[in-house]
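K.L.:
Following is a predicted model, sequence given first.
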Amino acid sequence: MADFTCLVVEDSPMMRQLIVFALGRIKDLHVTEADDGVDGLRKLASARYDIILTDINMPIMDGLKLIQRVRTDSNHKDTPIIVITTEGGSADRDRALRLGANAYITKPIQAPKVIATVKELLKIG
Amino acid sequence: MADERKPSRSDAPGPDLSQERDHVLRTFSKGAQLTREFAEEYEALQRRLQEAQAENGRLRAAIEADDAIRDLIKKIEALEAEKRDLLSRYRRVEELTSDFDARFHEMENDFANLANLFVASSSLHSSLSPRAVTRRLKEVLEQLVGAEQFGVYLATHDGRALSPIALSGLGADGPSAEALAAGPVGDVARSGVARIDDEGDPSLGTFEKPAAVFPLQIDDNVVGVVAIFRSFGQKTRFSTVDFELFKLVGQHAAAALMSSGLYAQAERKLPGPEAFGDVSR
């Protein structure tokens, strides 16, 4: 199986640690962490990622703005994006999906669900 | 000139000879008749023999075919038995696989739960700043438990009142100190026994009937209370790991908060080895 790269954009170190723990269960997936939307864009500009996981509520640049920017970036316009957030309302979900997110997971996260969603979007068994 | 001899008297058979000749002729004729009959009988027997041989051949072929069918039936029976055995083994393997899958999922869930507890614990203990510890405690409650409306209260020295050190999702119309002391939050502070609604939907909790209230304890001393009045809408039930988190937060957050408070009171001076001088005795 080819190696995959993943960018996790999350301002809470604790949540990042938990998401990285979960993603560690997927073989050959290499994870890079970013503190917020701006840090995420910086990392996206310097490398190519196969999948992006992002929070919505973050300082400096939130997840929704990040999605908008990623969808206009020629290198990542088709990269799958998973939103992981405490915002459980259907309006928030619809907005994120309309902007180009591929999946929407609410916190508290269930690691098996995160793993299954990443695998599904990367089309790996 | 032709010698026309008249039959002499001696040439003519005598009456006995004539009879004899007739007798021989009759016998011969009878013999010929018998021979013909034998010949016919022989031919008939030959035909019957051929028919019998043909019949015999047919019967042999039929018997051989019967044997082949018997062999085939035996083979089919053996194959059926083998198939039944294989199916039974396949079912056992399927059961084992299903068992294995279930255990694998269970282990994955356990691993995820342990990761939650580890992350919560390491997060609470990774700072000695009261502000950072409180922020991390809020993160644990919000992001790992899914608490939307909650408060963290410390007991005053005399233990009579609760003072909030962290509130989230509570507006100005939050419960007053008196209301807290008189309600389930006060009960938990006094008794040290957690009150968790493990049947209902925690997203429907209220101030009067909070989703979960548990004590912050160091050893047997209750130093405060965490009250989760309501969870996020997507969190409709507490899971096993939530109960573990309540226990963990109750103990670890209390220790982390008290350590950070003492550290702040000591003007951020870390204790030297003298502080641990008598622990080896």
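P.N.:
Nice, I can see it.

K.L.:
Which strand residues bridge the residue nearest in space to the middle of chain A?
P.N.:
Residue closest to the average C-alpha location in chain A (CA atoms, centre = their mean): residue A:53, at 0.8 Å. With DSSP bridges as the criterion, the beta-bridge partners of residue A:53 are residue A:8, residue A:82.

K.L.:
Now do the contacts for it.
P.N.:
The contact partners of residue A:53, taken as CB atoms under 8 Å, 6 or more residues apart in numbering or on different chains, are A:6-10, A:19, A:23, A:81-84, A:114, A:118. (Glycine included, C-beta is placed from N, CA and C.)

K.L.:
Including distance to residue B:124, neighbour count and pLDDT, could those residues go into CSV?
P.N.:
Listed next are these as CSV, based on distance: CB to CB, whole Å; neighbours: other CB atoms under 10 Å in any protein chain shown; pLDDT from 0 to 100:
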residue, distance to residue B:124, neighbour count, pLDDT
A:6, 27, 22, 97
A:7, 27, 24, 98
A:8, 22, 24, 98
A:9, 24, 30, 97
A:10, 18, 25, 96
A:19, 19, 28, 96
A:23, 23, 20, 96
A:81, 31, 25, 98
A:82, 27, 22, 98
A:83, 27, 26, 97
A:84, 22, 24, 96
A:114, 23, 23, 96
A:118, 28, 24, 97
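
K.L.:
what about the lengthiest helix in chain B, distance to the chain center?
P.N.:
The longest helix of chain B (DSSP state H) is helix B:15-124. Its chain's C-alpha centre and that of helix B:15-124 lie 42 Å apart, by CA atoms, centre = their mean, to the nearest Å.

K.L.:
Check stretch A:5-14 too.
P.N.:
On the basis of CA atoms, centre = their mean, stretch A:5-14 sits 7 Å off its chain's mean C-alpha point.

K.L.:
Output that stretch as PDB, nothing but the C-alphas.
P.N.:
Only the C-alpha atoms of stretch A:5-14 are listed here, as PDB (Å, rounded to 0.1, in the frame of the first residue of the first chain):
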ATOM      1  CA  THR A   5       0.000  12.100   4.200                       C
ATOM      2  CA  CYS A   6      -2.500  13.800   6.500                       C
ATOM      3  CA  LEU A   7      -2.700  17.300   7.900                       C
ATOM      4  CA  VAL A   8      -4.500  17.800  11.200                       C
ATOM      5  CA  VAL A   9      -5.500  21.400  11.900                       C
ATOM      6  CA  GLU A  10      -6.700  21.800  15.500                       C
ATOM      7  CA  ASP A  11      -5.900  24.500  18.100                       C
ATOM      8  CA  SER A  12      -6.300  22.300  21.100                       C
ATOM      9  CA  PRO A  13      -3.100  20.300  21.700                       C
ATOM     10  CA  MET A  14      -5.100  17.700  23.600                       C
END
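
K.L.:
which parts of stretch A:66-75 are buried?
P.N.:
For stretch A:66-75, the neighbour count (16 or more other CB atoms under 10 Å in any protein chain shown) marks A:66, A:67, A:69, A:70 as buried.

K.L.:
How confident was the prediction at the residue nearest to the centre of chain A?
P.N.:
With respect to pLDDT, residue A:53 scores 98.

K.L.:
Check the one 5 residues further on too.
P.N.:
According to the model's per-residue confidence, residue A:58 sits at a pLDDT of 94.

K.L.:
Over to residue B:3?
P.N.:
Looking at residue B:3, its pLDDT reads 50.

K.L.:
Tell me where the model's unsure across the stretch 51-200 of chain B.
P.N.:
Across the stretch 51-200 of chain B, the ranges flagged by pLDDT under 70 are B:172-173.

K.L.:
Can you pull the residues of it lying near chain A?
P.N.:
B:105, B:108-109, B:111-112, B:115-116, B:119-120, B:122-123, B:136, B:139-140, B:142-146, B:148 (CB under 8 Å from any CB of the partner chain).

K.L.:
which residues of chain A fall in strands?
P.N.:
A:4-9, A:29-34, A:51-54, A:81-85, A:103-106 (DSSP state E).

K.L.:
Against residue B:105, how distant is the spatially most central residue of chain B?
P.N.:
Note on chain B: the residue nearest the mean C-alpha position is residue B:98, at 1.7 Å, using CA atoms, centre = their mean. Residue B:98 sits 11 Å away from residue B:105, taking CB to CB, to the nearest Å as the criterion.

K.L.:
tell me the contacts of residue B:120?
P.N.:
If you count contacts by CB under 8 Å, 6+ apart, residue B:120 has them with A:14, B:140, B:144, B:245, B:248, B:249, B:252.

K.L.:
Over to residue B:257?
P.N.:
Residues near residue B:257 by CB under 8 Å, 6+ apart: B:130, B:133, B:134, B:137, B:154, B:165, B:216, B:223, B:224.
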